[in-house]
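**Q** no letters, just coordinates:
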């Protein structure tokens, strides 16, 4: 009997993950857990009748006794409970103590660094843990690895996702606000990652720099476009996984200069302390007329993403001593932010349940085969895709 615990089952990502996990042929028992028990019950009601046993257990992840008791009899735990800067590390520590296979959708670089530091503990306990298996990070890491496989030496590596595309952002407003009407955990996370300093790679070394720097990109087969640096785990892990020699960062794509100016306005106010993360999130969800007007005035100095794809990896380097640029993007994704995030996690769970489990704490690109994951992703895409090359085309240009 394979028993899987899903944490954060009442949230948008958790509900979407639960819907697919409930139909996995590799899971015999699914436990839906949330701090708000009623939310988990609501998710169970949405799932309806399934062939496996589904139950609900309330749990406060920050209660060290409760979380360990919950995981004691579990084979695998899927962590969709955010924010990860509060809940990621204690959950992984509990999984290691209870010797439970672990997978999460963490998109915050700081807890990613903290959780990767538990690698030796996980190895000693014989626990396999995967950190950051969503769309970005997750699929983005695998796209980067797929592109990098065309090169001998990796110089620069940028991953990017669109703030405006329906394939990578909220399908509706319910994903932007919680049940009380306040900004969701995903929105608060984004606000956290556009101010202060965030990890990026320069000259092959992980450093911290202010976010929202404009990065001009030339994408093979597509017109040029601009992305803006945000804090994300991809450069934290890819600079080691791919042995990057130059720059690496995760970028947010915005359709026009007005959106970029709006984000920079939030950044200035967050950095000055005139607003907090909650208020910044409120402004993102429901912008004030004053803030919108100021953004319009600043829009002429900033560029948008042009025709850049909504989720991609762009890698430069050397092949047989020649300079090359290699791109890889997805042409279709499950709908909305929750679908694009939860489905890769579900695919990751299936891979962990049927494959060998190397102990330690791993980023997605170190443990999952990109072609295998992308092949499974095809079955979840809303548009017809014939094969992996059609879903995630790789284009190389030699200089």
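**A** That came in fine, so what should we check first? All values derive from a computational prediction rather than experimental measurement. Residues are numbered from 1 along each chain as shown.

**Q** top helix in the protein by residue count?
**A** helix 336-354 (DSSP state H).

**Q** show me what residue 160 is bridged to.
**A** residue 251, residue 312 (DSSP bridges).

**Q** can you give me the neighbour number for it?
**A** 31 (other CB atoms under 10 Å). (Each C-beta comes from the backbone N, C-alpha and C, glycine too.)

**Q** tell me how far it lies from residue 345.
**A** 20 Å (CB to CB, to the nearest Å).

**Q** circling back to that earlier point, state the mean pLDDT of the helix or strand that comes right after the longest helix of the chain.
**A** Sequence order places strand 360-362 as the next helix or strand after helix 336-354, per DSSP states H and E. The average pLDDT within strand 360-362 is 98.

**Q** would you give the sheet partners of strand 360-362, along with the direction of each?
**A** Assessed with DSSP bridges, strand 360-362 is paired to strand 128-130 (parallel).

**Q** how far does the partner strand sit from its chain's centre?
**A** Relative to the chain's own centre, strand 128-130 is displaced by 16 Å; criterion: CA atoms, centre = their mean, to the nearest Å.

**Q** what is the subsequent helix or strand relative to that strand?
**A** Following strand 128-130 in sequence, per DSSP H and E, is helix 139-148.

**Q** the helices in the stretch 101-250 of the chain, which residues?
**A** 109-116, 119-125, 139-148, 185-192, 234-241 (DSSP state H, counting those that start in this stretch).

**Q** lowest average pLDDT across those?
**A** helix 185-192 (a mean of 87).

**Q** other SSEs contacting that one?
**A** With contacts taken as 3 or more CB pairs under 8 Å, 6 or more residues apart in numbering; DSSP states H and E, helix 185-192 sits against helix 277-285.

**Q** next one: the following helix or strand past the helix it packs on to chain centre, how far?
**A** Heading C-terminal from helix 277-285, the first helix or strand you meet, by DSSP H and E, is helix 289-298. The chain centre lies 30 Å from the centre of helix 289-298; the measure is CA atoms, centre = their mean.

**Q** now the angle from helix 289-298 to helix 277-285?
**A** Angle between the axes of helix 289-298 and helix 277-285 is 70 degrees (criterion: axes from the mean of the first three to the mean of the last three CA atoms, to 10 degrees).

**Q** just the terminal-to-terminal distance for stretch 32-52.
**A** 13 Å (CA to CA, to the nearest Å).

**Q** what of stretch 207-222?
**A** End to end - CA to CA - stretch 207-222 spans 30 Å.

**Q** hmm, who's touching it?
**A** Stretch 207-222 is contacted by residues 158, 160, 193-202, 224-231, 249, 251, 260, 263-264, 267, 302-303, 306-309, 312, 314, 325-327, 395-397 when judged by CB atoms under 8 Å, 6 or more residues apart in numbering.

**Q** same question, stretch 345-355
**A** Contacts of stretch 345-355 (CB under 8 Å, 6+ apart): 2, 4, 13, 17, 20-21, 24, 26-27, 75-76, 78, 80, 101, 103-105, 128, 130, 133-134, 138, 364, 368, 372-373, 376-377, 380.

**Q** hmm, back to that, would you mind giving me the PyMOL syntax to select the buried ones in the contacts of stretch 207-222?
**A** Of the contacts of stretch 207-222, the buried ones go into a single PyMOL selection, burial set by 16 or more other CB atoms under 10 Å:
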select buried, resi 158+160+193+194+195+198+199+200+201+225+226+227+228+229+230+231+249+251+260+263+264+267+302+303+308+309+312+314+325+326+327
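
**Q** would you mind confirming that residue 107 is in contact with residue 84?
**A** Yes: with contacts counted by CB atoms under 8 Å, residue 107 reaches residue 84, the gap being 7.1 Å.

**Q** intersection of neighbour lists for these two?
**A** With CB under 8 Å, 6+ apart as the test, residue 107 and residue 84 both reach residue 189.

**Q** returning to that earlier point: now render the helices of the stretch 101-250 of the chain as a markdown table, adding distance to residue 206 and mean neighbour count.
**A** As requested, these are exported to a markdown table (distance: least, CB to CB, whole Å; neighbours: other CB atoms under 10 Å):
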| stretch | distance to residue 206 | mean neighbour count |
| --- | --- | --- |
| helix 109-116 | 9 | 22 |
| helix 119-125 | 16 | 16 |
| helix 139-148 | 16 | 27 |
| helix 185-192 | 18 | 22 |
| helix 234-241 | 6 | 25 |
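
**Q** of those helices, which is nearest residue 338?
**A** helix 185-192 (9.0 Å; CB to CB).

**Q** any of the contacts of stretch 345-355 buried? List them.
**A** 4, 13, 17, 20-21, 24, 26-27, 75-76, 78, 80, 101, 103-105, 128, 130, 133-134, 138, 364, 368, 373, 376-377, 380.

**Q** just these: which are in strands?
**A** Using DSSP state E, the members of those that fall within strands are 4, 76, 78, 101, 103, 104, 128, 130.

**Q** what pairs with the residue lying closest to the last one once chain neighbours are set aside across the strands?
**A** Think residue 130. Closest residue in space to residue 130, ignoring its immediate chain neighbours: residue 103 at 4.6 Å, by CB to CB, 6 or more residues apart in numbering. With DSSP bridges applied, residue 103 shows beta-bridge pairing to residue 78, residue 130.

**Q** just to check, residue 103 is in contact with residue 74?
**A** No: counting by CB under 8 Å, residue 103 sits too far from residue 74 to count as a contact (12.0 Å).

**Q** overlap in contacts, those two.
**A** With CB under 8 Å, 6+ apart as the test, residue 103 and residue 74 reach no residue in common.

**Q** start and end of stretch 271-280, how far apart?
**A** 11 Å.

**Q** great, nothing more from me.
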